[in-house]
Each structure stands twice: as C-alpha cells, then as structure tokens.
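*Asks:* Here you go, sequence then predicted model.
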Amino acid sequence: MSPQSLAKQAPQPLKQDLSEPLCQQGAVAVHAASHSDGLLDPQSESGISEAVVAKQFSKAANKYDHEAHIQREIAQTGLNNLPISLKGDLLDIGCATGTHSDELQQRGATVTGVDIALGMVDKAQARFPDVNFKQGSAQSLPCQNSCFSTVFSSMALQWCNSPQAVASELYRVLKPSGMAEIAIMVSGSFSELHKARSVAQLPAAVTRLPEARLWLNSFLGAGLRVSRLINKDYVDEHQDVLSLLRSIKNVGAGATGAKQLSLSRSDINKLSLAYKNISAVDGVLPLTYKVCHFRIEKP
C-alpha cells in the first residue's frame, strides 16, 4: 500500500431510476446557500459558485502541482484510456497548470487547454508556451461549434453547477464522430470526512455532488452516446487530519460556495479523534474519491 494513495477499481452497474433524487451530499467543502423561499441560487443548481471556484483554484495555482497527488493518479487513468498517438484538435477542459495538455500535445494532437481559473491559465501558459490556453467555463466554452475531434477532462467538471449545460457544450464543440474521455468526482466522495465531522458534532461542510446517473442522463439527453462508464474509488492516505484537510484546500477544492467557519484547535482535535476511531487503518487516515470515467461519443 502506497504511503500517498491506493487506487482500487469497483465497477458497478448504474440504475436509471428517475423517481429517486439525482443529487446526494458528498463531503467536499460547503453547504448550499439558499434563499428564503428555499430555492438554490438560480446560478448554482448544486450550491457551487463558479466565481468562488475560479478564485480558489487561482489561489491554488502555485501549490497545485506539489499537492495534486491523487488528481494526477486519476488523470493518468483517463490518459491511459486514450490512444497513445493522437491527431486533430483536442480540448482539455479544466487544464489546471497544463501538465496533461502538454502530454496530449506531445502525443500528436493540437491542444487547447481551458480552465475557469485565470491563475491556472497563466501558470499553464508560462510553463508550456507552445500550447494554447484560454480562460473559460465548461458551461460556456470559448470555442466554436464542432471544432474538436477529442475532448479530455479530469477532476474538473464536478465544480460546475449544471451537468446539463456541460453536456450541451460537449455536444456543441465536438465534431461528428468525435469522442471525449471524462473523469468526474461524484456523490459519496469524502465519506470518511463527512462521518468524522458528524461524530465530532461539527457542522457539515458539503457540496451536493451529482450522482453518476445524473451525469449519464445529461450526456444522453444532449444527444451524446456513452460507450463506457467505469466507477472507480481512489483512496488518498494521510498521517494526520491537518495534512488531509490541507490536501483538499491546497488544490483549490476547499470552498465552492457559501463561506465556512474556520475550525478551532479544539475542533481539529475532535475531528482527528473521530476520524481515527472511525476510519484509520494502521494509523493512516483514508480519504476516498469516487470517480466516474466516461467514454463519450458524438454520433
């Protein structure tokens, strides 16, 4: 077992029962802000604010490559699912600091990297001047219609507040017969942290991440074909609760909507004790990322 992370694959069949809620709470960062009438901010179906996401990930740009261990592992799975040799125009959505955009261009594609965080885009362009990078949202891509043969995205689309808008944009920018390789974190992620906060009697800090079937239905509803879906758990490991919390914050995922109160020293101690009692294995604290790897095609 790696001291940094352990990946384990657990394919599960999806059941498309639309009578059940399609959104569950995954312990990520914040609870959803609401109006007095009980409705979420109309700009944020999930409680996620794109403006906050852009700000947080921009702030994390200088730390991202040092901290994003599990993110690299998840992205590598997606990269391995693509052909070794690529050609044509390729879009990398949520390109972060450009590492994967550069690798994809080295494989032969002409790559455009898009990220909502200007800090990430600036960092990526400085690192890889031969790759084209743009700031933009996955829900309103700064790209023309039917211009990409391939789309790649890893661990970015969960920070969008409308899967339907993302799916529509994917359909719009893909060429006919184009394909996309997408990795998305879904509901049930960070379950250990969610349980520990509850046992420690700390306020829940969650974003309502959509279930896999909401993404599936969104892609299908946009006219795309889903040719493969793999559910896979990735488990990051930490020696203490502070390093675990920093691993989330330092990659930009520490806040996605309503502002959370900071934890006091006493809160940290209670959270640490609860986490160790519930989830620790040989003194190591696990943090599970539930990820769906989609292969999508445009007819």
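*Replies:* The structure has been received and is ready for your questions. Numbering: from 1, shown residues only.
*Asks:* so after the helix or strand of the chain with the lowest mean pLDDT, what's the next helix or strand?
*Replies:* Least confident helix or strand of the chain, by mean pLDDT, DSSP states H and E, is strand 5-9 with a mean of 38. Sequence-wise, the next helix or strand downstream of strand 5-9 (DSSP states H and E) is helix 50-59.
*Asks:* Could you pull up the mean pLDDT of that next one?
*Replies:* If you average the pLDDT over helix 50-59, you get 86.
*Asks:* What of stretch 139-159?
*Replies:* 96.
*Asks:* mind listing what's buried in that stretch?
*Replies:* By 16 or more other CB atoms under 10 Å, the buried positions in stretch 139-159 come out as 139, 141, 143, 147-159. Quick note: C-beta positions are derived from backbone N, CA and C, even for glycine.
*Asks:* With just CA atoms, put that stretch into PDB.
*Replies:* Output of stretch 139-159 as PDB, limited to C-alpha atoms (Å, rounded to 0.1, in the frame of the first residue of the first chain):
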ATOM      1  CA  GLN A 139     -20.700  25.500 -19.200                       C
ATOM      2  CA  SER A 140     -19.900  28.200 -21.800                       C
ATOM      3  CA  LEU A 141     -16.800  27.100 -23.600                       C
ATOM      4  CA  PRO A 142     -14.800  29.800 -25.500                       C
ATOM      5  CA  CYS A 143     -14.700  27.600 -28.600                       C
ATOM      6  CA  GLN A 144     -16.500  27.400 -32.000                       C
ATOM      7  CA  ASN A 145     -19.100  24.700 -32.900                       C
ATOM      8  CA  SER A 146     -17.900  21.300 -34.000                       C
ATOM      9  CA  CYS A 147     -14.200  22.100 -33.800                       C
ATOM     10  CA  PHE A 148     -12.600  19.300 -31.700                       C
ATOM     11  CA  SER A 149     -12.000  15.600 -32.600                       C
ATOM     12  CA  THR A 150     -11.300  14.800 -28.900                       C
ATOM     13  CA  VAL A 151     -12.100  16.200 -25.500                       C
ATOM     14  CA  PHE A 152     -10.300  15.300 -22.300                       C
ATOM     15  CA  SER A 153     -11.300  16.400 -18.800                       C
ATOM     16  CA  SER A 154     -10.200  15.100 -15.400                       C
ATOM     17  CA  MET A 155     -11.500  16.100 -12.000                       C
ATOM     18  CA  ALA A 156     -12.900  19.500 -13.200                       C
ATOM     19  CA  LEU A 157     -16.500  19.100 -14.200                       C
ATOM     20  CA  GLN A 158     -17.700  18.300 -10.700                       C
ATOM     21  CA  TRP A 159     -17.200  22.000  -9.900                       C
END
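*Asks:* isn't there a helix covering D267?
*Replies:* Yes. Assignment of D267 by DSSP: H, G, I helix; E, B strand; the rest coil places it within a helix.
*Asks:* can you list contacts of stretch 263-274?
*Replies:* K195, A196, R197, V199, A200, Q201, L202, D240, V241, L242, L245 (CB atoms under 8 Å, 6 or more residues apart in numbering).
*Asks:* Check stretch 215-227 too.
*Replies:* 14, 16, 18, 22, 157, 163-164, 166-168, 170-171, 174, 180, 184, 186, 229, 292, 294-299.
*Asks:* Next step: those residues restricted to helices.
*Replies:* P163, Q164, V166, A167, S168, L170, Y171 (DSSP state H).
*Asks:* Output those residues as a markdown table; include the columns distance to G78 and pLDDT.
*Replies:* Formatted as a markdown table, the ones in helices among the contacts of stretch 215-227 follow (distance: CB to CB, whole Å; pLDDT from 0 to 100):
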| residue | distance to G78 | pLDDT |
| --- | --- | --- |
| P163 | 18 | 96 |
| Q164 | 22 | 97 |
| V166 | 16 | 98 |
| A167 | 18 | 98 |
| S168 | 21 | 98 |
| L170 | 15 | 98 |
| Y171 | 20 | 98 |
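*Asks:* N277: what secondary structure?
*Replies:* Under the three-state scheme (three-state DSSP), N277 adopts helix.
*Asks:* Quick check: the residue of the chain positioned farthest from its centre vs E192, distance?
*Replies:* In the chain, counting by CA atoms, centre = their mean, S266 sits farthest out from the average C-alpha position, at 30.5 Å. S266 sits 21 Å away from E192, taking CB to CB, to the nearest Å as the criterion.
*Asks:* What of K290?
*Replies:* Applying CB to CB to K290 and E192 gives a distance of 12 Å.
*Asks:* what's the spacing between the nearest residue to V173 once chain neighbours are set aside and S162?
*Replies:* With CB to CB, 6 or more residues apart in numbering as the criterion, V173 has its nearest non-adjacent residue at 4.8 Å, and that residue is C143. Counting by CB to CB, the gap from C143 to S162 is 18 Å.
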